[in-house]
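Asker: what's the 3D shape of this:
(chains A and B)
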Amino acid sequence: MSAVSALILPVLAAVGLMLVNGVVLIYMLRKVLGHLHLRLGPTHVGPKGIVQTTADVLKLLSKEDVRPNGADRWMYVLGPVIVFVPSLMAYAAIPFSETLRITRLDTGLLYTFAVLSLVPLGVIMAGWASANKYSLIGALRAAAQQVAYEVPLLLSVLPVVMIAGSLDLGEIVAFQTGVWMGVVPRWFVLLMVPSFVIFMIAALCELNQTPFDMSEAESELVAGFATEYSSMKFGLIFLSEFSNSFVISALAVTLFFGGWTLPFVPESILAPIAPIVFVAKTYAGIFVFMWIRGTLPRVRIDHLMNLGWKWLIPASLVWIMLVGVVMKLAAPGGVG
Amino acid sequence: MIGPRDTEHLVVNIGPQHPSTHGVLRLVAELDGEEIVNVEVSAGYLHRGIEKLGEHRRYHQLGTLMDRGDYLSGIHGELAAALATEQLLEVEVPPKARWLRSLMGEVNRIASHMIWYGTFGLDTGAMGQFLYAMRERETLLDVLESVSGQRMMFNYVRPGGVIADITPDAEQKLRTFLRTIDTYIDEHHALLGGNEIFQKRVRGVGVINREMGLSFGLTGANLRCSGVPYDVRRDKPYAAYGELEFDVPIGSVGDAWDRYLVRMEEMRQAARMIRQCIEGLPEGDVMAKIPKVVRPPAGEVYACVESPRGELGIHLVSDGSDTPYRFHYRAPSLFAVQVLEEILPGTLLADAIMLIGSVDILIGEIDR
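Answerer: Sure thing, here's the model as predicted:
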């Protein structure tokens, strides 16, 4: 394999994965929400409606690309791109199995969060450039919200990093392999319940998902920052949203649910199916997101800010301290 | 809170094409950040001239116009028009017709409240309960379709009585419905009202106190939420309500949460009345002997009913011809929409949308 193709292939793989994910997840969202809501979801296009999303993508592609008169030309075009590109980049460090990952990064966790925190920039650009008041309010909400929740999101995973002793996502998974006392999986979710709860809340917020979807609050702001976008520009925003939920769910699986591993399953059986296990776990996580989306009402923006700054951040700081103290006491040669 | 800021206010035009202004309502809101400083309600985008049309329609035809006013509770509009015409004509309605009017009125009330409940949830961002509410509404619309042939524009109540007896099919459906409705309302209550997020959003927001309610001319749940127990069904009984047992739920604070509780309880009471109506339905005709073209003696009357949105009144003036001289329609939503200008300032944009839902307005009857 030449050096160039070695560089390009993983990128193409990421793009392919993202597109396939988008198509599958949109179909899944419709079916899951449908059944949660006593409906059937799509049924007409193809058997059980599975080609519906493809039809919708074709529709999006064939739509006229409308740019509002007052819009700032370059920012308006760049907005969705800046929303989309980090979502794509975030796939880079995710370990699908021991060997299958786009690149191995010692700071994989930090990288993923850093890249994802670029998304609000694109959102603000899109909202500002649209020259629409709803878009502007949506963009400002998104900015306030994502800044507020970036902090607890990062803080919530710190204890995991402290115990696993690595920022490499692969190492964190490796740490969770096996069982304690012969029965309990060594998953961090069992050890780190507060971390997991804070992570889930902050993740929902980071994803602009119900109950924290106020940046696109369809009943208030029509479609928030995406109101003025049409055609494939809207497609990019839409796609990046689904891709982000895959990435965040994949992170949750990696950090708290043992990544590609399964307890009680020997390595020889697990190795060939590891990526499937990983994707299945990730989709289960996304299902939970969708379940929440189909059930809960929306939190008000000031309640959201209070929750983030006044509860989640202090709670995660206290938890970090507790974990630190316990680690120090339990460590060989420690105070205890 | 942050002190006064020297920043520019943003004027946002909410509507008339907006997903959650419940039709084509337009609000001109002045925002300071997320907070609403001032709001102006602008209605009239759905004006169809129903009142003027009424002056050119025969008395029997008024019901069809009323169906298109408050299109979620057509029975009540028809009933008000029929009551006014009957008062002018001084005809006696057969007992069975009176009971059927109450029965279908309450069926329609639950169907209408289900829409309110569903869209109120949508306004707060919840989606699931809307479609759960449609499940109950569907059964009730089947019942109304079975007796009237229509799911929305029923034209079921006419001057002199009602057009048809309850069908065995409708009765069967209603009995099944009554067995499950209490559990379903509990389920709805748990799904939306039991949610911490929802409670935090509606409690203490949009308070309509007693004085405000009375001075704005509010009726229905919007007035009862502040503790004024005014209900046309009990205070000026019409149809069979004088013979039915029911409670009038009232609130204490007058916030959006009280309005929610009052309406949820109203659905239970409506189910209770439907039960009584089915059990106690008298025998006999459903329509009085009334000529095809009526020419009431000159005079004027006001007849009102308790629609799901409040006191729905019809003021009819007759000059002795076969069409009304004046046909006026008192729409409870028209009063409810005005109170928004009073309760919205000081709340957040997200609350504004929720509060529009909480007063249960219907553009069809505001603009008529």
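
Asker: Contact partners for the closest residue to chain B within the stretch 151-300 of chain A?
Answerer: Residue nearest to chain B within the stretch 151-300 of chain A (Cβ to the nearest Cβ): A:Arg298, separated by 2.6 Å. Where C-beta positions appear, they are placed from N, C-alpha and C, glycine not excepted. A:Arg298 makes contact with A:210-214, A:217, A:219, B:124-126, B:197, B:350, according to Cβ atoms under 8 Å, 6 or more residues apart in numbering or on different chains.

Asker: mind putting the residues you listed in TSV, distance to B:Leu174, secondary structure and neighbour count included?
Answerer: Converted to TSV, those look like this (distance: Cβ to Cβ, whole Å; DSSP: H, G, I helix; E, B strand; the rest coil; neighbours: other Cβ atoms under 10 Å in any protein chain shown):
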residue	distance to B:Leu174	secondary structure	neighbour count
A:Thr210	36	coil	23
A:Pro211	37	coil	24
A:Phe212	42	coil	28
A:Asp213	39	coil	22
A:Met214	41	coil	27
A:Ala217	38	coil	26
A:Ser219	33	helix	24
B:Thr124	31	coil	30
B:Gly125	33	coil	28
B:Ala126	28	coil	25
B:Ile197	35	helix	19
B:Ala350	39	helix	26
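
Asker: a markdown table please, covering the residues you listed and showing distance to A:Ile237 and pLDDT.
Answerer: Shown next, in a markdown table, are the contacts of A:Arg298 (distance: Cβ to Cβ, whole Å; pLDDT from 0 to 100):
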| residue | distance to A:Ile237 | pLDDT |
| --- | --- | --- |
| A:Thr210 | 17 | 76 |
| A:Pro211 | 21 | 80 |
| A:Phe212 | 17 | 79 |
| A:Asp213 | 14 | 77 |
| A:Met214 | 16 | 71 |
| A:Ala217 | 15 | 66 |
| A:Ser219 | 19 | 64 |
| B:Thr124 | 24 | 84 |
| B:Gly125 | 19 | 81 |
| B:Ala126 | 23 | 82 |
| B:Ile197 | 26 | 86 |
| B:Ala350 | 22 | 82 |
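
Asker: Give the closest residue to residue 23 in space, chain neighbours not counted.
Answerer: All of this refers to chain A. A:Thr53 (4.8 Å; Cβ to Cβ, 6 or more residues apart in numbering or on different chains).

Asker: nope, chain B please
Answerer: B:Ile363 (3.1 Å).

Asker: ok so, going back, so which strand or helix has the residue nearest to A:Val23?
Answerer: Here A:Thr53, judged by DSSP states H and E, is contained in helix A:52-62.

Asker: Same question for A:Ile269.
Answerer: helix A:267-295.

Asker: tell me the mean pLDDT for that helix?
Answerer: The average pLDDT within helix A:267-295 is 85.

Asker: Now do the following helix or strand past it: everything it contacts.
Answerer: Following helix A:267-295 in sequence order, the next helix or strand is helix A:301-306 (DSSP H and E). If you take Cβ under 8 Å, 6+ apart as the criterion, helix A:301-306 is touched by A:141, A:144-145, A:148, A:205, A:212, A:214, B:34, B:197, B:200-201, B:348, B:350.

Asker: mind listing what's buried in helix A:301-306?
Answerer: Residues of helix A:301-306 classed as buried by neighbour count (16 or more other Cβ atoms under 10 Å in any protein chain shown): A:301, A:303-304.

Asker: Quick check: residues of chain A near chain B?
Answerer: Listed as neighbours of chain B in chain A under the rule Cβ under 8 Å from any Cβ of the partner chain: A:33, A:36-39, A:133-134, A:136-137, A:141, A:210-211, A:213-214, A:217-220, A:222, A:293-303.

Asker: Leaving out chain neighbours, which residue sits closest to the residue in the stretch 151-300 of chain B positioned nearest to chain A?
Answerer: Residue nearest to chain A within the stretch 151-300 of chain B: B:Phe198 (4.8 Å; Cβ to the nearest Cβ). Ranked by Cβ to Cβ, 6+ apart and with sequence neighbours excluded, the top spatial neighbour of B:Phe198 is A:Pro297, at 4.8 Å.

Asker: Now for the one you found: which residues touch it?
Answerer: Going by Cβ under 8 Å, 6+ apart, A:Pro297 touches A:210-211, B:121, B:124-126, B:192, B:195, B:197-198, B:201.

Asker: which residues does the residue of the stretch 1-150 of chain A found nearest chain B contact?
Answerer: Chain B sits closest to A:His37 of the stretch 1-150 of chain A, with a gap of 3.9 Å, by Cβ to the nearest Cβ. By Cβ under 8 Å, 6+ apart, the contact list for A:His37 reads A:294, B:127-128, B:130-132.

Asker: run the last query once more with 7 Å
Answerer: By Cβ atoms under 7 Å, 6 or more residues apart in numbering or on different chains, the contact set of A:His37 is A:294, B:128, B:131.

Asker: Over to B:Met264?
Answerer: B:185, B:189, B:193.

Asker: hmm, 10 Å instead?
Answerer: With contact taken as Cβ atoms under 10 Å, 6 or more residues apart in numbering or on different chains, B:Met264 is in contact with B:113, B:117, B:185-186, B:188-189, B:192-193, B:221, B:249.

Asker: Which helix runs longest in the chain?
Answerer: Went with chain A since none was named. For chain A, the helix that runs over the most residues, judged by DSSP state H, is helix A:3-36.

Asker: Can you look at chain B instead?
Answerer: Chain B, longest helix under DSSP H: helix B:95-123.

Asker: related to what we said a few turns ago, quick one: the residue of the stretch 151-300 of chain A closest to chain B from B:Gly125, how far?
Answerer: For A:Arg298, the distance to B:Gly125 equals 3 Å [Cβ to Cβ, to the nearest Å].

Asker: in the stretch 1-150 of chain B, which spans are helices?
Answerer: Applying DSSP state H, counting those that start in this stretch to the stretch 1-150 of chain B gives helices spanning B:50-54, B:62-67, B:74-89, B:95-123, B:128-148.

Asker: Does anything pack onto the second one? Which helices or strands?
Answerer: Counting contacts by 3 or more Cβ pairs under 10 Å, 6 or more residues apart in numbering or on different chains; DSSP states H and E, helix B:62-67 packs against helix B:50-54, helix B:74-89, strand B:157-158, strand B:310-318, strand B:326-330.

Asker: again, 7 Å this time
Answerer: Counting contacts by 3 or more Cβ pairs under 7 Å, 6 or more residues apart in numbering or on different chains; DSSP states H and E, helix B:62-67 packs against helix B:50-54, helix B:74-89.

Asker: circling back: select from the contacts of A:His37 the one having the most neighbours.
Answerer: B:Gly128 (21 neighbours; other Cβ atoms under 10 Å in any protein chain shown).

Asker: Surely that one is in contact with A:His35?
Answerer: No. Look at B:Gly128 against A:His35 with Cβ atoms under 7 Å: they stay out of range, at 11.0 Å.
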